[in-house]
Every structure is written in structure tokens, then in C-alpha cells.
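K.L.:
Could you look at this predicted model? Sequence included:
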Amino acid sequence: MNKIHVEYIDRQMWTPLFSFDGTIYPSFQIQCGLINDRARFYKENNVDHNCESLTTDQVKAGQKYRFRVNNTGELYIFVSWFMDEHTLFVILADGHDIEPVHAESVISFPGERFDFELTADQPVGNYWIRGITLINAITVLMQY
């Protein structure tokens, strides 16, 4: 017999998300993630304004930068960390050196930490660094 899982949030039926193995993700909704220890979540006219970037990083064209991504969540995975039109050079996983690898994105699970290098080698402009989950996204703007 198939079981049907139904929950209601604010009197509206919530359709659960399922992981690959059929596990139901919890109904707790992510409010916001932190980038450089900054984030905002507020409600205006009964509309949520989630994770609007409070950070704009200025970088110089041609320079190499190192980033550290910490997934401090406990319930949700960040499906992908990536930067528009850039390749990540992953160099560290959970504080341990790894064989460096070029990647389009990094998938992190709760408790994981990755270090990657990024070279500002695209035309001068604005590029978003994004953390995409199954539920929503967090972003930071990088300009050069």
C-alpha cells in the first residue's frame, strides 16, 4: 500500500520534495543563507524577500581569488555552488588537500566545506556566485 504524505503550511497544502532514495525532505523552509556573514529576510506587504544579496565583491580582472564554501545547514543540501561563466578550481575538501580539479559547480552536503580558486578571466562585468538548493537560492554579486 502506498502512503500519501500531506502537510499544511499556513493553511495551504504543501507538496513535499523527495530525495533520490524516496526520503521526504522536511517541511522546514530555508529562510536565507549567509554570504560573507551577511543576509536579509524580511516580509513586506505579505511578500517574502528572501536572500537578496547584501554583498558585492569587487575584484580585479586577471587576478586569482580563493573562496571557501561552508554548508552549515542540517536539513537541506546545496545542490550546486557555481559562478556565472567561470570555472571553479577545487583545491580543498573538508580541510584536506585534494587532487585539484576544474569544475563547473561544487555540490555540498550539510557539514561539508570546499575551497576553490577562481580567476577573473572573463570580460569586465557583473557575475553572480550562486548557491542553489532544491528549495531556493542565495547569491552574491562579483564585479570586475
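P.N.:
Done, it's in. Residues are numbered from 1 along each chain as shown.
K.L.:
For K64, which non-adjacent residue is closest in space?
P.N.:
Closest residue in space to K64, ignoring its immediate chain neighbours: T119 at 4.9 Å, by Cβ to Cβ, 6 or more residues apart in numbering. For every residue, glycine as well, the C-beta is placed using N, CA and C.
K.L.:
burial of the nearest residue to G111 once chain neighbours are set aside, as a residue count?
P.N.:
Once its chain neighbours are removed from consideration, G111 has its nearest residue in N71; the separation is 6.6 Å (Cβ to Cβ, 6+ apart). By the measure other Cβ atoms under 10 Å, the count of residues near N71 is 21.
K.L.:
And the pLDDT at T87?
P.N.:
T87 carries a pLDDT value of 93.
K.L.:
L34 now?
P.N.:
In the predicted model, L34 carries a pLDDT score of 64.
K.L.:
With Y144 instead?
P.N.:
pLDDT at Y144 comes out at 78.
K.L.:
thought it was touching Q58?
P.N.:
Yes - in this structure, Y144 sits in contact with Q58. The criterion is Cβ atoms under 8 Å, and the distance is 7.1 Å.
K.L.:
Compare the two and say which is more crowded by neighbours.
P.N.:
Neighbours were counted for Y144 and for Q58 using other Cβ under 10 Å; Y144 has more, 18 against 8.
K.L.:
can you pull the contacts of the more buried one?
P.N.:
Under the criterion of Cβ atoms under 8 Å, 6 or more residues apart in numbering, the neighbours of Y144 are Q58, V59, K60, A61, A120, V124, G125.
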